[in-house]
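1. Give me a 3D structure for the following:
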Amino acid sequence: MSQQASPSPRNPAPNNARPISVRIDVFTLVPHAYAWLTEQRPLASVLGGGLELRLFSYRDTTPLRAGQVDDTPYGGGAGMVLRVDVVAAALDAAYGGTPDGPIVALTPKGRALRQEVVEELATLPALTLLSARFEGFDERVVEHLATDAISVGPYVLSNGDLPAMVVLDAVARRLPGALAEGSGELESFSAELGGGLEYPQYTRPPEFRGWTVPDVLLSGDHARIDAWRREMVGSR
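-> Okay, here's the model as predicted:
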């Protein structure tokens, strides 16, 4: 089980002195897969400050021999299923009781991850994410151990770590200090844009292969530019 100890891919070093506003625990079969994410903004900007991230391996606490964590499904069929006793053992070892925040299973059966859900999660002081692989969880994990279930989209992935990373990134960027000042205010799905898509963005060169930047953006008239941008919100 991962502990708050010396810096490592599981426990990145603090990089600032901001008080912790949220703790996220991720239960996974591959804790090392998150190393790259902890080195990138926005996550790297808030680790050790606004965010405490802990990664736990199911294999560290499995009650089964040889690190076994999954088994074949009852009734037959392809693939392997993450066992309920394995997940329960990991949660018991980490918390010894009820955790401070919700336990979220990443599964296609969950509620859709929309920006309002991200905003909700970002206000929580603690959050637990459960990821699985291959055929997913024994259904009893979702029904009895998790308190919530979230889906990142109506499609199938080979593991739940990618959805967990999506949740981590989305939540981290809403924490203070994650983004440059002002960069998260006028963006897709923000309240300032009425929940719509952000206006189109352009940069140099002004003409490429005959594809031109709208004249209004080159005008220097900020009132016209602002009006154009608001007109274009949600147009894509």
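
2. So which residues of this structure form helices?
-> For the chain, helices defined by DSSP state H occupy the ranges 35-38, 43-46, 58-61, 84-95, 115-122, 139-140, 161-172, 222-232.

3. Mean neighbour count and distance to residue 214 added to those, as JSON lines?
-> Quick note: C-beta positions are derived from backbone N, CA and C, even for glycine. Below are the helices of the chain laid out as JSON lines (neighbours: other CB atoms under 10 Å; distance: least, CB to CB, whole Å):
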{"stretch": "helix 35-38", "mean neighbour count": "16", "distance to residue 214": "36"}
{"stretch": "helix 43-46", "mean neighbour count": "22", "distance to residue 214": "33"}
{"stretch": "helix 58-61", "mean neighbour count": "19", "distance to residue 214": "52"}
{"stretch": "helix 84-95", "mean neighbour count": "18", "distance to residue 214": "52"}
{"stretch": "helix 115-122", "mean neighbour count": "16", "distance to residue 214": "27"}
{"stretch": "helix 139-140", "mean neighbour count": "13", "distance to residue 214": "52"}
{"stretch": "helix 161-172", "mean neighbour count": "21", "distance to residue 214": "30"}
{"stretch": "helix 222-232", "mean neighbour count": "13", "distance to residue 214": "7"}
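
4. Of all these, which one is nearest residue 216?
-> Of all the helices of the chain, the one in closest proximity to residue 216, counting by CB to CB, is helix 222-232 (4.7 Å).

5. model confidence over the closest one, on average?
-> For helix 222-232, mean pLDDT rounds to 94.

6. Quickly note the distance from residue 206 to residue 223.
-> From residue 206 across to residue 223, the span is 21 Å (CB to CB, to the nearest Å).

7. what's the burial count for residue 174?
-> For residue 174, the count of nearby residues is 19 (other CB atoms under 10 Å).

8. Identify the residues contacting the closest residue in space to it that isn't next to it in sequence.
-> If you skip the residues right next to it in sequence, residue 174 has residue 122 as its closest partner in space, 3.9 Å away by CB to CB, 6 or more residues apart in numbering. Neighbouring residues of residue 122 by CB atoms under 8 Å, 6 or more residues apart in numbering: 22, 171, 174, 175.

9. Need the pLDDT of the last one.
-> Think residue 175. pLDDT, the model's per-residue confidence, is 91 for residue 175.

10. And it, how far from residue 159?
-> Residue 175 is 25 Å from residue 159, where distance means CB to CB.

11. Same drill for the two, tell me which one is more crowded.
-> For residue 175 versus residue 159, neighbours defined as other CB under 10 Å are more numerous around residue 175 (20 against 17).

12. surely the more buried one meets residue 51?
-> Yes. In terms of CB atoms under 8 Å, residue 175 counts as a neighbour of residue 51; the distance is 5.8 Å.

13. Overlap in contacts, these two.
-> 21, 22.

14. all strands for the chain, in order.
-> 22-28, 51-57, 70-71, 81-82, 103-112, 126-130, 148-151, 207-208, 211-212 (DSSP state E).

15. As a markdown table, the ones you listed with mean neighbour count, mean pLDDT and distance to residue 228 would be great.
-> Supplementary listing: the strands of the chain in a markdown table, determined by neighbours: other CB atoms under 10 Å; pLDDT from 0 to 100; distance: least, CB to CB, whole Å:
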| stretch | mean neighbour count | mean pLDDT | distance to residue 228 |
| --- | --- | --- | --- |
| strand 22-28 | 23 | 97 | 37 |
| strand 51-57 | 22 | 97 | 37 |
| strand 70-71 | 18 | 97 | 54 |
| strand 81-82 | 22 | 96 | 50 |
| strand 103-112 | 19 | 96 | 31 |
| strand 126-130 | 23 | 98 | 39 |
| strand 148-151 | 20 | 98 | 36 |
| strand 207-208 | 9 | 98 | 19 |
| strand 211-212 | 10 | 98 | 15 |
